[in-house]
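Asker: below is the sequence, then the predicted model.
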Amino acid sequence: MTFADITPARKGRVFADFTLGQTFVHHWGRTLGESDGTAFGCLTLNYNPIYLNAEFAAERGHHVRPLNPYLAFLTVLGLSVEDLSEGSVEGAFLGIDDLAYYETVTAGDTLVARSEVVGMRPSESRPGSGVVTWRTRGFNQHGNKVLAFTRTNIVGSTTTS
């Protein structure tokens with residue numbers, strides 16, 4: 001077998017692949033560690049001590065130092081990309097709405113995600129393409145909802161792979 005014999009897996013979906021109410025259970029999940037929280041704070045220049053200083057967090061009622069909620073959000077968003085929007089030639093990210101946090105995420109939590117198609121319409125300017133909106137929910141390893149948001153993308157009629 002050579003690399004020429006390997007067929008790349010198709011990434012993402014085209015507009016015609018979606019139906020209203022369709023649900024996706026995104027694969028694998030991601031366990032976040034203390035190093036993820038520290039690196040995220042440093043890379044984004046977010047030095048809020050509640051996310052970086054265990055004593056500071058404890059003085060404010062956190063028995064365990066919380067991770068930055070934006071890190072949790074981006075992790076859950078990232079889990080959904082391969083199933084929903086990756087690979088669309090014409091795909092464009094249009095925004096996030098209704099982001100809500102329900103439970104604190106701490107080091108050692110494993111986040112998983114599920115999404116549902118909650119809106120879709122054909123594009124007026126791009127035949128075969130459309131605008132799709134998903135409601136994505138992130139859960140920890142105990143099945144507790146930690147966050148939810150709505151995301152909208154233009155989804156093309158062809159994929160890049």
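Answerer: That came through fine.

Asker: residue 120: which element?
Answerer: Under the criterion of DSSP states H and E, residue 120 resides in strand 110-122.

Asker: what helices or strands is the very next helix or strand once past that strand leaning on?
Answerer: Next in sequence after strand 110-122, counting helices and strands by DSSP H and E, comes strand 130-139. Contact here means 3 or more Cβ pairs under 8 Å, 6 or more residues apart in numbering; DSSP states H and E; on that basis strand 130-139 packs against helix 69-84, strand 110-122, strand 145-155. (Glycine included, C-beta is placed from N, CA and C.)

Asker: kindly reformat those as a markdown table containing distance to residue 23.
Answerer: As requested, those are arranged in a markdown table below (distance: least, Cβ to Cβ, whole Å):
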| stretch | distance to residue 23 |
| --- | --- |
| helix 69-84 | 10 |
| strand 110-122 | 5 |
| strand 145-155 | 14 |
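
Asker: nearest to residue 136, of these?
Answerer: With distances scored as Cβ to Cβ, the stretch of those nearest to residue 136 is strand 110-122 (4.3 Å).

Asker: who does that closest one pair up with?
Answerer: Partner strands and pairing direction for strand 110-122 (DSSP bridges) are strand 23-25 (antiparallel), strand 30-31 (antiparallel), strand 130-139 (antiparallel).

Asker: burial check on residue 18, number of neighbours?
Answerer: For residue 18, the count of nearby residues is 17 (other Cβ atoms under 10 Å).

Asker: no, scratch that, I was asking about residue 59
Answerer: Using other Cβ under 10 Å as the criterion, the residues surrounding residue 59 number 11.

Asker: how far away is it from residue 53?
Answerer: Noted for residue 59: a distance of 9 Å to residue 53, by Cβ to Cβ, to the nearest Å.

Asker: do residue 109 as well
Answerer: Taken as Cβ to Cβ, the span from residue 109 to residue 53 is 19 Å.

Asker: more neighbours: which of those two?
Answerer: In this view residue 109 and residue 53 are compared by other Cβ under 10 Å, and residue 109 has more residues nearby, 24 against 13.

Asker: among the helices and strands packed on strand 130-139, which comes closest to residue 138?
Answerer: Between residue 138 and the helices and strands packed on strand 130-139, the shortest gap by Cβ to Cβ is with helix 69-84, which sits at 3.5 Å.

Asker: in the chain, where is pLDDT below threshold?
Answerer: 1-11, 87-91, 159-161 (pLDDT under 70).
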